[in-house]
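Q: this is the structure alone, sequence omitted:
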Ligand code: ADP
Ligand code: MG
């Protein structure tokens, strides 16, 4: 496997209003060639700054960035074999769609016939073969998104950087574009580095995910590893729903000082053999399942996702909770 992008102890410190902001703090990262890698984290956790440093729009305060083995830390954006799709697409409003897509080829002095043909190929690839003569304002949000993608791909970058590219789209369209983007990445075989704050998006699209928290990468893992075995409480809570148990209640229920149980691994059952007993405090309907909030006699409240096809106790009724020993994921105790 060859590494497409490597970050070695990369930090970025901003100074604003006399204060020091450590936007990215000692990031170590290796994205493989052909990999769909996602930077996931809450707003302000350093994802965009990290992506901008890879693209060359922000220079690291310290550390090294390599792209396909070459140190690009001090290179300007245009000299790097990467391209970026920004959240607002940044299309030129007065130019036709074809010219927008062909723009960087024009800047490089490629002749009109060649660059138009190439732009038309790219438009066909993003399934917009007939919009070349229109202006950006005459397209829907989803179409503009695809044009931005075509434009970013025309110079055949080896790495494509995408900063919350689906953020402006409504849910249905976003889900459709998630599938399309993933398919496109697979077809092209280039690396995508994709930024999102949406854990569902990250889990469903990525080969691997790096979870950001306050400028630090807390864990790098596949979606399944992140979900089943989060390394920290932050990851457990940020990715998926989680019962986080701490202290005496945790010891009594799980035998650990700190542990996590996913709600879908908790079942309703009979009183004998139940691992926790309690009363339903809240029941929320999700279509495929009910999410019950159960106040346990041991102390902690537990979320249990139970199939909507079976019978479900009402609020105020007793609930007997069961789970397999493997459902318990121990965590490091909180400091
Ligand atoms: P994210 O993309 O995860 O929301 P950002 O990388 O945009 O996070 O920001 C990380 C932190 O760095 C935030 O605290 C943000 O306010 C700060 N920051 C980002 N860009 C600048 C800048 N140009 N000047 C000062 N602070 C910045
Ligand atoms: Mg951002």
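A: Received it, and whenever you're ready, just let me know what you need. Everything numeric here is computed off the predicted structure, so don't read it as measured data. Ligands and ions are numbered 1, 2, ... in the order given.
Q: contacting residues around the residue lying closest to residue 57 once chain neighbours are set aside?
A: Leaving aside its chain neighbours, residue 57 sits nearest to residue 77 (5.8 Å; criterion: C-beta to C-beta, 6 or more residues apart in numbering). No exception for glycine: its C-beta is placed from N, CA and C like everyone else's. Contacts for residue 77 (C-beta atoms under 8 Å, 6 or more residues apart in numbering) come out as 55, 56, 57, 84.
Q: which residues of the stretch 101-250 of the chain fall in helices?
A: 112-125, 141-153, 171-188, 199-205, 223-228, 233-238, 247-254 (DSSP state H, counting those that start in this stretch).
Q: and among those, the most buried is which?
A: Stretch with highest mean neighbour count among those: helix 141-153 (a mean of 22; mean count of other C-beta atoms under 10 Å).
Q: the residue nearest the centre of the chain and residue 226, how far apart?
A: For the chain, residue 202 is the residue whose C-alpha lies nearest the centre (C-alpha atoms, centre = their mean; 3.3 Å). Residue 202 sits 8 Å away from residue 226, going by C-beta to C-beta, to the nearest Å.
Q: intersection of neighbour lists for the two?
A: The contact lists of residue 202 and residue 226 share 209, 239, where a contact means C-beta under 8 Å, 6+ apart.
Q: follow-up on the earlier one: doesn't residue 37 make contact with the residue nearest to the centre of the chain?
A: No: Residue 202 is beyond contact range of residue 37, at 10.2 Å (criterion: C-beta atoms under 8 Å).
Q: what touches both of the two?
A: With C-beta under 8 Å, 6+ apart as the test, residue 202 and residue 37 both reach residue 209.
Q: could you list which residues are in contact with the residue in the stretch 151-300 of the chain positioned nearest to ligand 1?
A: Using C-beta to the nearest ligand atom, the single residue of the stretch 151-300 of the chain nearest to ligand 1 is residue 212, 6.2 Å away. Taking C-beta under 8 Å, 6+ apart, we find residue 212 in contact with 39, 40, 41, 42, 45, 46, 47, 50, 218.
Q: who's it bridged to?
A: residue 217 (DSSP bridges).
Q: ok, for residue 312, nearest residue in space, not its chain neighbours?
A: Nearest residue to residue 312, sequence neighbours excluded (C-beta to C-beta, 6+ apart): residue 290, at 4.9 Å.
Q: ok, now residue 324?
A: residue 265 (7.1 Å).
Q: for that neighbour, give its distance to residue 194.
A: 29 Å.
Q: who's more crowded, the two?
A: Taking other C-beta atoms under 10 Å, residue 265 and residue 194 do not tie; residue 194 has more neighbours (29 against 17).
Q: wait, what's in contact with that one?
A: 36, 37, 38, 39, 162, 165, 181, 205, 206.
Q: picking up where we left off before, could I get the contacts of residue 77 as TSV with pLDDT?
A: Formatted as TSV, the contacts of residue 77 follow (pLDDT from 0 to 100):
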residue	pLDDT
55	96
56	96
57	95
84	91
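Q: which ones among those map onto strands?
A: The strands, defined by DSSP state E, take in residue 84 from those.
Q: tell me the buried residues within the contacts of residue 77.
A: Buried subset of those (neighbour count, 16 or more other C-beta atoms under 10 Å): 55, 56, 84.
Q: quick check: the last one touching residue 159?
A: Put plainly, it is residue 84. No: counting by C-beta under 8 Å, residue 84 stays clear of residue 159, with 9.7 Å between them.
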